[in-house]
Structure formats: structure tokens, C-alpha cells
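> test case, fold it:
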Amino acid sequence: MPAESLIKAALHEWGDAFCNKQIDRMMALYAPDAVIFDAIPPFSSGVDAMRTKVADCIQYFPDGFAVEKRDLTISIDSSMASTHFIWHFTGLPAGHPAGRHWLRSSIVWRRQTDGRWLITHDHCSAPFDPYTEKVVLTPDASAAPGDASGACGDRNPVGWFEIYVQDMDRAKAFYSAVFDYAFTRLESPIDLWALPMQPGGGAPGALARIDGCGPSGNNVIIYFSCHDCAVEADKAAAAGGQIHKRRFSIGQYGYIALITDTEGNMIGLHSMR
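Numbering: from 1, shown residues only. Have a look, this model is predicted:
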């Protein structure tokens with residue numbers, strides 16, 4: 001079989017193995033010394049670390065999803081080859097974090113003595129808009145520079161909201177019954193279930209259960225995007241407000257702090273550092 005056909009078959013094998021949650025079959029496509037620059041931190045890892053990462057995240061994918069690729073280019077010489085393309089997951093529930101954007105991949109292959117082509121370098125990433133620090137979700141989107149002199153640049157200031165609940169199962173059942181929503185569990189130190197999130201207008205948000213932050217008559221928290229939420233929290237205190245919860249980690253989603261304004265309203269601050 002020609003080398004190009006073998007590599008195309010290996011790419012299909014990678015996608016099919018991932019979508020069927022067959023980790024050993026997928027990792028068999030990597031050379032033992034492969035270097036992997038994945039879209040999910042850490043920035044660089046080896047095969048064993050990649051296997052662990054896949055095992056950790058694959059459990060949150062449903063059955064029956066797929067991978068769609070576009071713009072595949074293959075270059076081959078006698079012992080090395082490279083491929084690059086863009087791709088995304090399809091068939092995921094509405095609002096699933098992995099289904100929101102396209103990714104770009106560049107893969108280097110090395111021909112083995114038995115004729116197989118194995119991955120020796122795998123680089124997967126998503127472009128981002130430096131003015132908003134947000135991922136560009138689709139290949140047709142463009143990052144239009146704006147006035148970045150303020151804390152938020154050309155962004156809308158509210159980047160997230162949370163509806164605080166006491167009983168998460170009861171709350172999800174209520175919002176599902178009223179709006180027919182499907183919720184997605186977010187990996188976070190707090191109990192967080194995202195409402196459907198789609199590219200475009202509107203702010204994303206979630207049901208949240210946090211110790212010390214129970215619901216009240218109108219307890220919906222909006223989060224303002226910041227460069228460093230600890231700095232903005234100190235500014236709030238200096239301006240006559242109060243710090244309810246100082247900056248703390250919410251895992252891969254960054255950091256938050258909770259403050260009270262001069263009128264008694266609690267608001268959230270979010271940053272990635």
C-alpha cells in the first residue's frame with residue numbers, strides 16, 4: 001500500500017479508536033519516544049502522560065460521537081512524513097466543552113522497519129484572539145483588534161454567570177423541565193454543571209453549589225473578566241466594597257474571587273491567573 005494511503009488509514013484509525021474509547025488501539029499509533037504538544041495542558045508530554053490524560057477525559061465523552069477533518073495535507077519522503085489539518089468533534093451533546101471549537105493538528109510520522117508509520121511528534125492547538133484571550137472557535141472567525149487599553153479591551157465585561165443551588169439534582173431537574181436543557185458536568189473543585197453553550201452572543205453560565213454561597217431570593221452571580229482577580233478584589237475593597245471570598249483556584253478554568261459592591265450586591269471576578 002502506498003505511504004500516503006497508510007498514513008490516511010492511520011489518521012482514520014486514531015479518530016476511530018478515540019471515538020470508540022479504545023485507548024490501547026489509539027496509543028499504538030505513537031512511537032515510544034514521541035513528543036506530544038496537546039491542546040490540553042501540560043504543553044509538552046510523552047506517550048505515557050498522553051495515555052493518562054486520554055484515560056482521564058474520555059469518560060466524559062458520550063457514545064456515538066465522531067471526528068470531522070478538513071484541509072488535510074500530507075508530505076512524504078523515504079523515512080519521514082508530515083500531515084496538517086483542522087478538525088473538530090461532532091455528535092456531542094449541546095454545550096459539551098469539547099464540541100465548541102475546531103482544533104488544528106500538525107503530525108510528524110516516522111516509517112518503521114516493518115513498514116508502519118508511527119507518530120513521533122503530535123502538535124494540537126487552538127488559535128486565540130490576543131485582544132480577548134479567548135479561543136477562536138471556528139476557522140471562519142477572525143480576531144478583529146479593538147481598543148485593548150482597558151481591563152477588558154473590546155470584550156463585553158460579563159464573561160460568566162452562576163445560579164447558586166442547594167440541591168444540584170433538584171435544580172437540574174427544574175431547569176430541564178422548564179427549558180429542556182441538557183447539562184454538562186465541568187471538571188472543577190466546585191460542583192458545577194454548565195448550561196448549553198454555543199458560539200455567538202450571550203454569556204455562558206452554570207448551576208453551581210459552593211459551600212457558604214447558598215441561594216436566596218435573587219442570588220445569581222455574574223462574573224466580570226479580569227487580568228488577575230486578586231488585584232480587582234483588592235481594588236473593590238479599597239473602593240468601599242468587601243471581599244467575600246479571596247482568589248481561589250477552580251482547576252483548569254482559572255481562578256475566581258467573590259466581592260460585595262457598595263450597594264450590597266455580590267459579584268464574581270474571574271481570571272486565568
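
> ok, which stretches of the chain are helices?
In the chain, the helices defined using DSSP state H lie at 3-19, 23-27, 47-58, 168-179, 229-238.

> quick check: buried residues in stretch 43-56?
Neighbour-count burial for stretch 43-56, counted by 16 or more other C-beta atoms under 10 Å, picks out 45, 47, 50-51, 53-54. C-betas here are computed from N, CA, C, even on glycine.

> touching it from outside, list them.
With contact meaning C-beta atoms under 8 Å, 6 or more residues apart in numbering, stretch 43-56 is reached by 18, 23, 26-27, 30-38, 40, 42.

> picking that back up, hey, least reliable of the helices of the chain by pLDDT?
Summarising mean pLDDT across these, the least confident stretch is helix 168-179, with a mean of 79.

> who's in contact with that helix?
Applying C-beta under 8 Å, 6+ apart, the contact partners of helix 168-179 are 163, 165, 181-183, 191, 193, 195, 207, 209.

> pull out the buried positions in it.
For helix 168-179, a neighbour-count test (16+ other C-beta under 10 Å) marks 168, 171-172, 175 as buried.

> can you put those residues in TSV and add distance to V231?
Converted to TSV, these look like this (distance: C-beta to C-beta, whole Å):
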residue	distance to V231
M168	32
A171	33
K172	35
Y175	34
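
> just these now: which is nearest W87?
Comparing these against W87 with C-beta to C-beta places K172 closest, at 31.2 Å.

> distance check, the nearest residue to F85 once chain neighbours are set aside against S82.
Using C-beta to C-beta, 6 or more residues apart in numbering and skipping the chain neighbours, the partner closest in space to F85 is L72 (4.2 Å). Note on L72: its distance to S82, by C-beta to C-beta, to the nearest Å, is 11 Å.

> for the chain, which residues score under the pLDDT cut-off?
129-133, 140-158, 178-179, 198-202, 214-219, 263 (pLDDT under 70).

> and the gap between the residue nearest the centre of it and R51?
Nearest to the mean C-alpha position of the chain, by C-alpha atoms, centre = their mean, lies P97 at 5.5 Å. Distance, P97 to R51, by C-beta to C-beta: 21 Å.
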